[in-house]
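[1] have a look; sequence and predicted model below, questions after that.
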Amino acid sequence: MRNSLWFTFLLAFVLFSCKKSVEDCQLDEDILSQDLDLRIERLEDAFFEAKDQESILNLFDAYPDFAEKILFLDSYESPEVLAEEILLANQDTLMRELYDEVKIHYPDVTGLEKDLENAFKYIQYYFPEFKAPKVYTFVSGFSSDVYLDQDILVIGLDYFLPFEHRFQPPELPQYISKRYQREYIVPTVVTAISSVFNQTDLRESTLLAEMIYYGKAYHFTKSILPCTSDQYIIGYTQEEIAACFANEDFIWAHFVEEDLFFETNPFVIRKYTGEAPSTDEISPDAPGRIGRWLGWNIVDDYRFNNKFSLPELMMETNTDKIFRQSGYKPRPQ
């Protein structure tokens, strides 16, 4: 298993099945008919095209939340000091090149705008209390990838250039930086929003609790983005997803035999849910964060085997209940 059995003959079948299901998917027109109009404001253009201090100061006034939360205006001696710093950055050769490359790869954001609007409509359908934030794009020089709170969403487009591009986020290992691409933007945003609705019991500190938390987050994202491939939700390649399903029995047996579900040692928990290129405890070929993947499967079964609504699922804090009532078993191969 550790060397040659991780990828099996089921790979091609699973890949075909995943591809077919995504291609056949249709979004719900009743959900999309809701009244919600999204407009992305491209603040990278506004700031890079500003020619003087007064123009920058006017932008601070026009976008106070952005100035406070992204540019940290309050930490400067005066708005004028920050404005001068931005003007100097705009003249930096590398920053100008980075901005130009973003404009080449994102000449417009119409598709991104529509995808976010559809996602927000889905969230609003399940959670009527949800209010869509204002959405801005920006080029931060790799200082901020995605910022989200209840009022604003800021997407640093410089982080989401193609994987093979010469500009890459610094100090990020490849297994993480490969997820900074256009297809991951909306799933990343939706997964971040899931934390608002993902109720937890802070007294629970087990590996199972961590697995269920991420499982609920991914289930939420898939429910909001039903036509998005799982690879863009969990950040695995299609080959890794196929291999996980093909070896689901082995993964499950490892967790059971090692008595891992109620483990509370944070170092052990991190081995199965933390960022890593692989889960070596199972196999050098097993992708990292495999505990999250298993938690996602358990949560899927819990909801669908018990017919809970998405809000009911997200409100459930008893991870042991979710685990036991899921009826989860590895799929027969």
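    Yep, it's here. Numbering: from 1, shown residues only.
[2] can you give me the neighbour number for the closest residue to residue 309 other than its chain neighbours?
    Leaving aside its chain neighbours, residue 309 sits nearest to residue 126 (7.7 Å; criterion: Cβ to Cβ, 6 or more residues apart in numbering). Bear in mind the C-beta positions are built from the backbone N, C-alpha and C, glycine included. Residues lying near residue 126 (other Cβ atoms under 10 Å) number 16.
[3] now do residue 93
    7.
[4] how about it, what does it touch?
    By Cβ atoms under 8 Å, 6 or more residues apart in numbering, the contact set of residue 93 is empty.
[5] wait, residue 229 sits on residue 238?
    Yes. Using Cβ atoms under 8 Å, residue 229 is in contact with residue 238, at 7.4 Å.
[6] who has more neighbours out of the two?
    residue 229 (19 against 15).
[7] and residue 152, how far from residue 202?
    For residue 152, the distance to residue 202 (Cβ to Cβ, to the nearest Å) stands at 27 Å.
[8] which one of these two is surrounded by more residues?
    Comparing residue 152 with residue 202 by neighbour count (other Cβ under 10 Å), the higher total belongs to residue 152, at 17 against 7.
[9] would you map the strands across the stretch 51-200 of the chain?
    Per DSSP state E, counting those that start in this stretch, the stretch 51-200 of the chain carries strands over the ranges 134-138, 146-148, 152-156.
[10] residues making contact with the first one?
    Contact with strand 134-138 is made by 38-44, 47, 63, 65-66, 70, 106, 109, 113, 116, 144, 151-157, as judged by Cβ under 8 Å, 6+ apart.
[11] let's see 6 Å
    With Cβ atoms under 6 Å, 6 or more residues apart in numbering as the contact definition, strand 134-138 has outside contacts at 40, 41, 42, 43, 44, 66, 152, 153, 154, 155, 156, 157.
[12] closest one to residue 187 out of the residues you listed, please.
    residue 155 (12.6 Å; Cβ to Cβ).
[13] and the closest one, what's its pLDDT?
    According to the prediction, residue 155 has pLDDT 98.
[14] tell me the contacts of it?
    137, 146.
[15] so it bridges to which residues?
    Note on residue 155: beta-bridge partners by DSSP bridges are residue 137, residue 146.
[16] can you tell me the centre-most residue of this structure?
    The centroid of the chain falls nearest to residue 188 when counting by Cα atoms, centre = their mean (2.2 Å).
[17] how much space between it and residue 179?
    8 Å.
[18] which positions within stretch 135-146 qualify as buried?
    Residues of stretch 135-146 classed as buried by neighbour count (16 or more other Cβ atoms under 10 Å): 135, 136, 137, 138, 139, 140, 142, 144, 145, 146.
[19] can you add distance to residue 94 and pLDDT and give those residues back as JSON lines?
    Formatted as JSON lines, the buried residues of stretch 135-146 follow (distance: Cβ to Cβ, whole Å; pLDDT from 0 to 100):
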{"residue": "135", "distance to residue 94": "26", "pLDDT": "98"}
{"residue": "136", "distance to residue 94": "22", "pLDDT": "98"}
{"residue": "137", "distance to residue 94": "19", "pLDDT": "98"}
{"residue": "138", "distance to residue 94": "16", "pLDDT": "97"}
{"residue": "139", "distance to residue 94": "11", "pLDDT": "97"}
{"residue": "140", "distance to residue 94": "13", "pLDDT": "91"}
{"residue": "142", "distance to residue 94": "10", "pLDDT": "93"}
{"residue": "144", "distance to residue 94": "17", "pLDDT": "92"}
{"residue": "145", "distance to residue 94": "18", "pLDDT": "95"}
{"residue": "146", "distance to residue 94": "22", "pLDDT": "97"}
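[20] of the residues you listed, which is the nearest to residue 281?
    Using Cβ to Cβ, the buried residues of stretch 135-146 come closest to residue 281 at residue 145, 29.2 Å.
[21] the closest one contacts residue 159, doesn't it?
    Yes. Counting by Cβ atoms under 6 Å, residue 145 touches residue 159, with 4.2 Å between them.
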